[in-house]
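1. could you work out the structure for the sequence below:
(chains A, B, C and D)
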2 protein chains.
Amino acid sequence: MTIGDIARELGVSKTTVSRAISGKGRIGEQTRRRVLEYIEAHHYSPNVVAKGLAQNKTFNLGMVLPGDYNIVELPFFQKCMMGISRVASAQGYDVLISMVTADHIAQLERAVENRKIDGAILTRTLTDDAPMRYLSKNKVPFVAIGGTEDAQAVQVDNDHKSACRALTEILLDRGVKRIALIGGSDGYVVTKKRLQGFEAALEKRADLDIESLVFLNVIHSREVDAIVEEILTKQVECIVCMDDFLCGCVLSTLQQRRITVPERMQVVSFYDSSILANRLPAVTSIRFDVEELGRKACELLLRVLEGEEVERRTLLGYEVCIRESTK
Amino acid sequence: MTIGDIARELGVSKTTVSRAISGKGRIGEQTRRRVLEYIEAHHYSPNVVAKGLAQNKTFNLGMVLPGDYNIVELPFFQKCMMGISRVASAQGYDVLISMVTADHIAQLERAVENRKIDGAILTRTLTDDAPMRYLSKNKVPFVAIGGTEDAQAVQVDNDHKSACRALTEILLDRGVKRIALIGGSDGYVVTKKRLQGFEAALEKRADLDIESLVFLNVIHSREVDAIVEEILTKQVECIVCMDDFLCGCVLSTLQQRRITVPERMQVVSFYDSSILANRLPAVTSIRFDVEELGRKACELLLRVLEGEEVERRTLLGYEVCIRESTK
DNA sequence: CTGAAAGCGCTTACAG
DNA sequence: CTGAAAGCGCTTACAG
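-> Numbers count the residues shown, from 1 in each chain, chains lettered A, B, ... in the order given. As a prediction, the model looks like this:
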């Protein structure tokens, strides 16, 4: 069934039917009701693709996800997706996925070139972000989940810097003298933010004369072993892990070496995700409302698509969950 | 730039340009080359939406995901998505996501009613599957990842029954006399399949007179505690966990009660996923190539969309990984 | 308030 | 081998 069928059936023009549906343009209340009733009764629903072609829109949003293994497995992206999907859906949009790696953004390019999306949401930002560059260059509206140096970009993020600072301070408050930080690729903006928070905490307590060790770019679990070894020989008392995957590795290594947590080593982490769920001891960590992050990002993008002027930067909060892995 | 611009620029008709691009219809080799070169030089790429409208296609595939928490978090779906996304992309299709729960499939309905997808891939099947019913009724081609009773449906799955049987036999081979099985909702076909495999293994060794305990519909981690308690009082020697989330719960509970694995309790699980990665002791489990599952499903769907007749049932294999959680 | 007509960017019989 | 024209299912100036 098309708009034409309805028009013929009701003895009105397609224009009229279109107006009744869209609510745009003047139309008699009688006629409007008649059309709407017919549509309701016959379960008509308009072809969004045709509508899109006429309006030069697709009603699709691109969600760009990292396609690297390990990373895509983090529960973060799925939770994000739930948030995005919900608000998109509620506004009549669908979400289309593009998986990209740092140097291979072909899926995103295709989606854009084929004019399949009206805008995009980036779910992880790099310091030098190929998808972001590409979208900017091609004037595709987007919002970035995660910080970015690009002052033009609309971004929404949790306050990772403050969060990491808070996490570090918890340990400093407990009187530790030697502290280690373990993180993933420093190509991610989020890694940098957390490092800044860590450093800020130490700086504030410069008087305590804390000794700190920083290990970044830790990607594979096998690297963790050597790092923990070094940490132990240097008599570090606590470890700040930048993500739950790394934290899981650290916990196992400690367990293997029979280093008890928190007695001989305190451990804190981010995300409070399923990766650490049910692990003993429970890990003191930050909790972000990731679904809210997705929702917010999607709302912003939708507003941008409406032509609205939106805030360039939205910072969402965090919660600290104190558990048994700290004294 | 549109097909019309190119036609004007080259002094040919839109028909000709269209033919050069699609490769359909007779066209002079000279002209064809000339058009293609122009396109190449000017980075033209056709508007897939317009093409779709003319051909009554969308070049979108719907991926339907469970929107329940906990479940969507399983790494399974992301790996699946990578597989699907890759082959879809390679064939000029995009993937659009629909999150559904057992009784709320509005997102999928919208995608179908709005004519946004050409077909769908279900990533988890229930015994009474609302999305499947809906798609069948509306004649939307789909393939189901996971078994189904519907003989009409195209399905692809790992051989969960054999896998669970193999896993159980490993334990029986080690001489256990009392064995427990813990699984999630029996609304999932996969839960049933595994139960069948478990029972088949016991049946084959009926002579051994094994005592077995079965706990299904275990959804929340808090339920696990009572179950493990019962298991312990009944002096069960080993536990087969139907997924890694449950296994994680079981391991923690055992650890808390200072029951050593594998000495006092052997444990096996499915998936070998990141949820159990880096846990000690490493868990003996099944390994499925989930990305391959996604790829296969997508290939099948694409063939169906081409009008090809495809095999109704594809069963993929599995690997058994023996680790330290079994003696 | 309503409609005829052109248009969105393609495809595809049909005719030549 | 090539093109004019109609069509896919909508929207939207423009005219009345």
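2. measure how buried the residue of the stretch 201-327 of chain A found nearest DNA strand C is and give me the count.
-> Nearest residue of the stretch 201-327 of chain A to DNA strand C: residue A:305, at 18.0 Å (Cβ to the nearest atom of the strand). No exception for glycine: its C-beta is placed from N, CA and C like everyone else's. Neighbour count for residue A:305, taken as other Cβ atoms under 10 Å in any protein chain shown: 16.
3. quick one, what contacts it?
-> Listed by Cβ atoms under 8 Å, 6 or more residues apart in numbering or on different chains, the contact set of residue A:305 reads A:118, A:119, A:141.
4. how many neighbouring residues does the second one have?
-> The reference is to residue A:119. For residue A:119, the count of nearby residues is 20 (other Cβ under 10 Å).
5. surely it touches residue A:138?
-> No. Residue A:119 is beyond contact range of residue A:138, at 11.4 Å (criterion: Cβ atoms under 8 Å).
6. with residue A:57 as the reference, measure out to the residue of the stretch 201-327 of chain A closest to DNA strand C.
-> Using Cβ to Cβ, to the nearest Å, residue A:305 is found at 8 Å from residue A:57.
7. please apply the same query to residue A:215.
-> Noted for residue A:215: a distance of 47 Å to residue A:57, by Cβ to Cβ.
8. neighbour-wise, which of these two wins?
-> Neighbours per residue (other Cβ under 10 Å) separate residue A:215 from residue A:57, with residue A:215 holding more: 19 against 16.
9. output the helix or strand where residue A:294 lies as CSV, restricted to C-alpha atoms.
-> Using DSSP states H and E, residue A:294 falls within helix A:290-305. Extracted C-alpha coordinates of helix A:290-305, given in CSV (Å, rounded to 0.1, in the frame of the first residue of the first chain):
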residue,chain,number,x,y,z
VAL,A,290,27.5,3.9,30.0
GLU,A,291,24.0,3.5,28.7
GLU,A,292,23.4,7.1,29.7
LEU,A,293,26.5,8.1,27.8
GLY,A,294,25.0,6.4,24.7
ARG,A,295,21.7,8.1,25.2
LYS,A,296,23.2,11.5,25.7
ALA,A,297,25.4,11.2,22.6
CYS,A,298,22.4,10.2,20.5
GLU,A,299,20.2,13.0,21.8
LEU,A,300,23.0,15.4,21.0
LEU,A,301,23.4,14.1,17.5
LEU,A,302,19.7,14.2,16.9
ARG,A,303,19.6,17.8,18.0
VAL,A,304,22.5,18.6,15.7
LEU,A,305,20.6,17.0,12.8
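10. who's in contact with the most centrally placed residue in chain A?
-> The centroid of chain A falls nearest to residue A:123 when counting by Cα atoms, centre = their mean (4.1 Å). The contact partners of residue A:123, taken as Cβ under 8 Å, 6+ apart, are A:63, A:64, A:65, A:66, A:76, A:77, A:80, A:145, A:146.
11. and the residues you listed, which is closest to DNA strand C?
-> Nearest to DNA strand C out of those is residue A:64 (Cβ to the nearest atom of the strand; 23.6 Å).
12. which SS class is the closest one?
-> Under DSSP: H, G, I helix; E, B strand; the rest coil, the three-state class of residue A:64 is strand.
13. the closest residue to it other than its chain neighbours: which element?
-> Distances taken as Cβ to Cβ, 6 or more residues apart in numbering or on different chains place residue A:98 nearest to residue A:64, at 4.7 Å, with adjacent residues excluded. With elements taken from DSSP H and E, the one containing residue A:98 is strand A:94-100.
14. now that strand: buried residues?
-> Neighbour counts over strand A:94-100 (16 or more other Cβ atoms under 10 Å in any protein chain shown) mark A:94, A:95, A:96, A:97, A:98, A:99, A:100 as buried.
15. swap in stretch A:69-85?
-> Judged by neighbour count (16+ other Cβ under 10 Å), stretch A:69-85 contains these buried residues: A:71-85.
16. now look at it and say if it contacts chain B.
-> Yes. Under the criterion of Cβ under 8 Å from any Cβ of the partner chain, chain B is reached by stretch A:69-85 at A:70, A:72, A:73, A:75, A:77, A:78, A:79, A:81, A:82, A:85.
17. alright, calling it a day.
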